[in-house]
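Visitor: model the following, please.
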Amino acid sequence: MGSEPPPAPQPPSPRTERNVFVFLAVFLAPILAIAGVGTLGLSIWVWQMIFGPPG
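Guide: As a prediction, this is how the structure comes out:
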């Protein structure tokens, strides 16, 4: 019964934080923005195919 708790994880290094930031800012955010706009456009298009154009 002398088991010790696992050591605490080390904080990320500045280089790791920079790499994560670059990934999020350069890759993930634009991909999510394009996917969101595409999803909205597709949903409006399908809505208008079913219920007709506005007006």
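Visitor: only C-alpha atoms from now on, for both contacts and neighbour counts.
Guide: OK.
Visitor: what's the span of stretch 17-37 from first residue to last?
Guide: Looking at stretch 17-37, the gap from its leading to its trailing residue is 29 Å under the measure Cα to Cα, to the nearest Å.
Visitor: what's the mean pLDDT across it?
Guide: Here stretch 17-37 scores 97 as its mean pLDDT.
Visitor: so how far is that stretch from its chain's centroid?
Guide: Distance of stretch 17-37 from its chain centroid, counting by Cα atoms, centre = their mean, to the nearest Å, is 7 Å.
Visitor: now stretch 13-21
Guide: Relative to where its chain is centred, stretch 13-21 has its mean C-alpha point 17 Å off (Cα atoms, centre = their mean).
Visitor: residue 29: how many residues sit nearby?
Guide: Applying other Cα atoms under 10 Å, we find 12 residues neighbouring residue 29.
Visitor: could you measure it against residue 35, distance?
Guide: Between residue 29 and residue 35 the computed distance is 10 Å (Cα to Cα).
Visitor: do residue 41 as well
Guide: 10 Å.
Visitor: before we move on, what about residue 54?
Guide: For residue 54 relative to residue 35 (Cα to Cα), the value is 24 Å.
Visitor: have a look at the two and say which one is more surrounded.
Guide: With neighbours defined as other Cα under 10 Å, residue 54 and residue 35 compare such that residue 35 has more, 12 against 5.
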